[in-house]
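Novice: give me the fold of what follows.
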Amino acid sequence: MQHLADPNEAADWLSSEKILIHPTEGVWGLGCLYNSKKAMQRLSKLKSRSSSKNYIILCPNIDWVFKLSADLNKDDLDQYWPGHTTLLLRPSKLCPSELISDIDRVAIRVSAHNPIKKLLNILQKPILSTSANISGKEQTNNIESIQEIFDFDDVALYKERLGNEKKPSKIIDYVTGKVIRA
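Specialist: Modelled structure (predicted):
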């Protein structure tokens with residue numbers, strides 16, 4: 001497994017349709033480019049996860065949110081982002097169909113965590129993200145254990161610091177206002 005300390009290297013890695021272990025505000029994530037079917041399939045296989053289960057899209061900025069989702073009010077979004085909250089939003093016509101849930105929503109976050117913000121600003125496009133664990137297994141923030149589980153040639157570690165949050169992001173259905181995960 002390669003260790004990438006530079007966000008430019010991590011962006012290049014993702015651009016080559018590979019998988020990246022990356023820090024978020026609260027947990028280690030596994031990510032890939034948001035529009036790479038090849039990388040999405042690999043990510044699902046690595047996690048032993050059903051391809052029908054959706055991922056969170058980490059966007060570099062609010063402009064990307066408006067490209068991928070519909071019916072938004074920018075003033076409303078300022079209360080959530082950048083930050084540790086994921087919103088379930090109605091998808092736009094530009095959103096890849098593989099990312100749309102069965103309730104016609106797409107999960108999006110604009111992170112406030114500097115390492116991921118740097119990476120996304122270099123990429124200038126979103127990444128898909130999910131917790132760095134096997135689906136159905138307990139989540140850990142022990143990076144050595146995560147590296148053992150995902151020790152493959154097409155997986156690299158973006159060796160930056162994890163945020164200070166103690167749990168995954170809050171998830172809110174923006175359309176209904178319902179809190180899905182506190």
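Novice: can I take it that D63 is in a helix?
Specialist: Yes: assigned with DSSP: H, G, I helix; E, B strand; the rest coil, D63 falls within a helix.
Novice: what pLDDT does it get?
Specialist: D63 is assigned 93 on the pLDDT scale.
Novice: now do the SS call for the residue nearest the centre of the chain.
Specialist: In the chain, the C-alpha closest to the average C-alpha coordinate belongs to S129, at a distance of 2.3 Å (C-alpha atoms, centre = their mean). What three-state DSSP gives for S129 is strand.
Novice: mind listing the residues bridging to it?
Specialist: G31, I56 (DSSP bridges).
Novice: and the nearest residue to K47 once chain neighbours are set aside, how far from S50?
Specialist: What sits nearest to K47 in space, not counting adjacent residues and going by C-beta to C-beta, 6 or more residues apart in numbering, is S135, at 4.9 Å. From N, CA and C alone the C-beta is placed, and that goes for glycine too. As judged by C-beta to C-beta, to the nearest Å, S135 and S50 stand 8 Å apart.
Novice: for the worst-scoring helix or strand of the chain on mean pLDDT, name the packing helices and strands.
Specialist: Sorted by mean pLDDT, DSSP states H and E, the helices and strands of the chain end with helix 74-77, the least confident at a mean of 84. Secondary-structure packing of helix 74-77 (3 or more C-beta pairs under 8 Å, 6 or more residues apart in numbering; DSSP states H and E): helix 62-68.
Novice: what does the helix it packs on contact?
Specialist: Residues from elsewhere that reach helix 62-68, judged by C-beta atoms under 8 Å, 6 or more residues apart in numbering: 57, 59, 72, 74, 77, 81, 89, 91-92, 94-95, 106, 108, 110, 125-126.
Novice: now swap in stretch 71-82 and tell me
Specialist: Counting by C-beta under 8 Å, 6+ apart, 62, 65-66, 87, 89-90, 109-112, 117, 172, 174-175 sit against stretch 71-82.
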